[in-house]
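> structure for this input, please:
(one chain, ligands or ions: 1)
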Amino acid sequence: MKESADLLIYNIKEIVTPFDSKLKRSRDLKELKIIETGGIAIKDGRVICVSSTDEVLDRFESQNKLDLKNENILLPGFIDPHTHILFGGSREDEFLLKIKGESYLSIQKKGGGIYKTQKDTTSLSEGELIRITKNKILTANSYGILSLEIKSGYGLYIEKEIELLKIIKKLKNEIKSNIVSTFLLHLVPKDIDKKIFLNEVKTVLPKLKNEYLIDFIDIFVEDGAFTKEDAIEILEETQKLGIFVSLHIDQFNNLGALSLALKYNIKSLSHLDLTTDSELEKLKEKDIIGIIFPLERFIFKREENRGRKLIDSGIPLSISTDFNPGTSPSLNFPLIISLSLIREGLTIEEAINCSTINSAYALNLQNEVGSIEVGKRGDFVIFSLKSFKEIPYYFGMNFVKYVIINGEVIKVDW
Ligand SMILES: [Zn+2]
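Numbers count the residues shown, from 1 in each chain. Modelled structure (predicted):
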């Protein structure tokens, strides 16, 4: 008598997954598990078997079958641990200036940058913001991103930020993808004293936590935004409340914020573009995930092989889109994988571990997603490719054919 399953996927040319559920650094990043002519059985949205096609068809039966005829490869869904996907408008004019060398801070001083997006975002109705953000998440899905973090940050005023966090909570309920909600302290509103603003944030944090409006808090530690001392004020509170923290550090200026990661309970550090070698040394052996953005680093012509350096420094690395209207306006995850090889010096095996299991850790989702194992969510991306090595090779192209979210098959139409 065969066991019943809700979905069987079989004749998978390659199942490609991180070796196990552990956080990966150094040599472990080079390892993947590959099952040829593989099969997977899913029940109640969870993986109940991952093995050969023969074993899966011998042991299980289902009304619902997907025969991939040995023409497709399957990976865990990509996890994007850093996005600013909730915004209105776009900033293509600034983009054209920036690629010619005008600085981010100079554009911001002229009322552009985050302030422009703040206006474009807060002028939209809640319904309109939800509609356009859902469309962007569907685009992310079509590139294989099945779990993602969404930051607030374009409301600036506390009450506007809370409105954005409420929208993220609604999206969590209405969208199939796993969503992690982050309250981002992006900039101090122009007409508010910073001290008053920080006090407002500290006062509202318990409410945000109790109402399940935030999973994480993030602070943009940067010239013109928040100093290391400002961050300490907030981190003292998050520490008491047990809120997870990720930080934007060392993107345009190094303000010495890395030392915060050693004192407070911080899950991830994003950017690390200007972090010094001696600072990186201090992160060695720590379970703090470093997140870098190969596309953004490409657009802004940053030095090459930074990813390599971070891996060689012993940091568990993750790669992400940093999708936002100012510095990284793309959700093309296979392209980001290509760039992580070409410009950041990663191998394809490293890039896959950095896009799946390590990103799951950055979002505290490691027990749910990030590798294909019994008990985890049935979240997969299926490519019309014959080997995972073709993902970076077909530069800028997208061969995603299906995504499977929580055991549900969704065909990607191009
Ligand atoms: Zn960011």
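> lowest-confidence helix or strand of the chain?
Ranked by mean pLDDT, DSSP states H and E, the weakest helix or strand in the chain is helix 104-109, scoring a mean of 80.
> now that helix: buried residues?
Applying a neighbour-count criterion of 16 or more other CB atoms under 10 Å, one finds Y104, I107, Q108 buried in helix 104-109. For glycine as for every other residue, the C-beta is placed from the backbone atoms N, C-alpha and C.
> do the same with stretch 213-229
Residues of stretch 213-229 classed as buried: 213-222, 225-228 (neighbour count, 16+ other CB under 10 Å).
> which parts of the stretch 301-414 of the chain are helices?
For the stretch 301-414 of the chain, helices defined by DSSP state H, counting those that start in this stretch occupy the ranges 306-312, 333-342, 348-355, 357-362, 390-393.
> quick one: distance of the longest one to the chain centre.
Right, helix 333-342. Relative to the centre of its chain, helix 333-342 is centred 14 Å away, using CA atoms, centre = their mean, to the nearest Å.
> now the angle from it to helix 348-355?
Relative orientation of helix 333-342 versus helix 348-355 (axes from the mean of the first three to the mean of the last three CA atoms, to 10 degrees): 130 degrees.
> closest one of the buried residues of helix 104-109 to K284?
Y104 (30.1 Å; CB to CB).
> spatially nearest residue to the closest one, not counting backbone neighbours?
F252 (6.2 Å; CB to CB, 6 or more residues apart in numbering).
> and if you look at G224?
Per CB to CB, 6+ apart, closest to G224 is L105, 5.6 Å.
> just checking, the one you found touches L187?
No: L105 lies out of contact with L187 (CB atoms under 8 Å); the separation is 11.3 Å.
> on that earlier part again, among the buried residues of stretch 213-229, which lie within strands?
F216, I217, D218, I219, F220 (DSSP state E).
> in CSV: these, plus pLDDT and distance to T53.
Formatted as CSV, these follow (pLDDT from 0 to 100; distance: CB to CB, whole Å):
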residue, pLDDT, distance to T53
F216, 97, 40
I217, 97, 45
D218, 98, 43
I219, 97, 48
F220, 96, 48
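> and the end-to-end length of stretch 48-68?
Counting by CA to CA, to the nearest Å, you get 19 Å between the two ends of stretch 48-68.
> can you list the residues that contact that stretch?
With CB atoms under 8 Å, 6 or more residues apart in numbering as the test, stretch 48-68 has contacts from 2-13, 15, 17, 35, 37-42, 74, 372-374, 382, 402, 409.
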